[in-house]
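Participant: Following is a predicted model, sequence given first.
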Amino acid sequence: MHPAISINTLSLAPADLAAQIDTVAGIGARAISPGIEQVEQTGAQEAARLIRDAGLEVATLTYRAFGFATPADVASARERLAHTIEVAATIGAQTVIMTTGGRGTLTWAQAVDAFAEAVAPCTVLAEQAGVRLGIEPTSHLYADASIVHRLADVTAVARKAGVSVIIDTFACWFDADIEQAIADAGPLLSLIQVSDYVYGDRGLPCRAVPGDGAIPFERIIPVIAATGFDGYFDLEIIGPRLQAEGQEQGLRRAANHIGKLLG
């Protein structure tokens, strides 16, 4: 399996973290991407031991939405993100992936400024801990959890806030300017999440194994490679398609498809 492949635990059937670590190691990936809740349930030190003993690295730790729309949101989000950064450092996560949080009644421009100001103390903590904070694009259906849906907007907000860019291909492959947006994001890239979309799927979650759908990875991945990005390609295949096939078989197919394109 290509050494740049990681597997996000959101791709796996529900199980405790120890079992999911065994699954990822058995599939042959080099890294795992758990959620903060999973690590907390196991305990950060124990999770670090289990991951290390399995011979895995941690590509990213999932934080989810950073609330900033009200002062109460900011206080809670900062406390939770500071804790997540500490956990990420303990388990050796390279990045913490998050969405910006929703904007409430703010205009988009106001929301960008508010997010950047709210997250600033946490960017300092992350730098001190050797962990990169990263924001990702999302579907507009998650407007309650994010202000960025196009990759170009993610990059603009990331620059303003001093954080990195994580490309979720499922969320932005259809951007009219996707190739240029990837090139512009290049210096800020910290992780690429991959899954496919099958025309006609309407209900989320509906992600597919890369190569089974419409996303032109044969065009997108070379553009990513041209930026000099050398981090992980994280398999985040959420939904019934993967489980119907069998998660281990499907994830191996996904890894093989992306690995061939990486060379």
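Facilitator: Good, I have the coordinates.

Participant: Which positions in the helix or strand residue 64 falls within come out as buried?
Facilitator: Assigned by DSSP states H and E, residue 64 belongs to strand 57-65. Buried residues in strand 57-65, counted by 16 or more other C-beta atoms under 10 Å: 57, 58, 59, 60, 61, 62, 63, 65. From N, CA and C alone the C-beta is placed, and that goes for glycine too.

Participant: can you give me the angle the following helix or strand past it makes with strand 57-65?
Facilitator: Next along the chain after strand 57-65, taking DSSP H and E as the criterion, comes helix 71-91. Orientation of helix 71-91 against strand 57-65 (axes from the mean of the first three to the mean of the last three C-alpha atoms, to 10 degrees) gives an angle of 170 degrees.

Participant: Name the next helix or strand downstream of helix 71-91, please.
Facilitator: Next in sequence after helix 71-91, counting helices and strands by DSSP H and E, comes strand 93-99.

Participant: by contact count, what packs against that next one?
Facilitator: Counting contacts by 3 or more C-beta pairs under 8 Å, 6 or more residues apart in numbering; DSSP states H and E, strand 93-99 is packed against strand 57-65, helix 71-91, strand 132-135, strand 164-168, strand 189-194.

Participant: quick one: buried residues of the helix or strand following the shortest one?
Facilitator: Sequence order places helix 151-161 as the next helix or strand after strand 132-135, per DSSP H and E. Buried residues in helix 151-161, counted by 16+ other C-beta under 10 Å: 151, 152, 153, 154, 155, 156, 157, 158, 161.

Participant: Which single one of these is nearest to residue 261?
Facilitator: Distance to residue 261 across these (C-beta to C-beta) is lowest for residue 151, with 18.8 Å.

Participant: name the element residue 258 belongs to?
Facilitator: Counting by DSSP H and E, the element that carries residue 258 is helix 247-262.

Participant: and that helix with strand 189-194, angle?
Facilitator: Going by the same axes, to 10 degrees, helix 247-262 makes 130 degrees with strand 189-194.

Participant: List the buried residues in helix 247-262.
Facilitator: 247, 250, 251, 252, 253, 254, 255, 256, 257, 258, 261.

Participant: Does that helix pack against any helices or strands, and if so which?
Facilitator: strand 5-8, helix 17-27, helix 217-226, strand 233-235, helix 240-245.

Participant: Need the nearest residue in space to residue 99, chain neighbours excluded.
Facilitator: residue 146 (4.1 Å; C-beta to C-beta, 6 or more residues apart in numbering).

Participant: and what of residue 31?
Facilitator: Closest residue in space to residue 31, ignoring its immediate chain neighbours: residue 6 at 3.6 Å, by C-beta to C-beta, 6+ apart.

Participant: Does the one you found touch residue 30 like I think?
Facilitator: Yes. Counting by C-beta atoms under 8 Å, residue 6 touches residue 30, with 6.7 Å between them.

Participant: which of those two has more neighbours?
Facilitator: Set residue 6 next to residue 30 and count neighbours by other C-beta atoms under 10 Å: residue 6 wins out with 27 against 19.

Participant: show me what contacts residue 165?
Facilitator: Counting by C-beta atoms under 8 Å, 6 or more residues apart in numbering, residue 165 touches 134, 135, 136, 151, 154, 155, 158, 185, 188, 189, 190.

Participant: And these, which is closest to residue 171?
Facilitator: Nearest to residue 171, judged by C-beta to C-beta, of the contacts of residue 165 is residue 136 at 7.0 Å.
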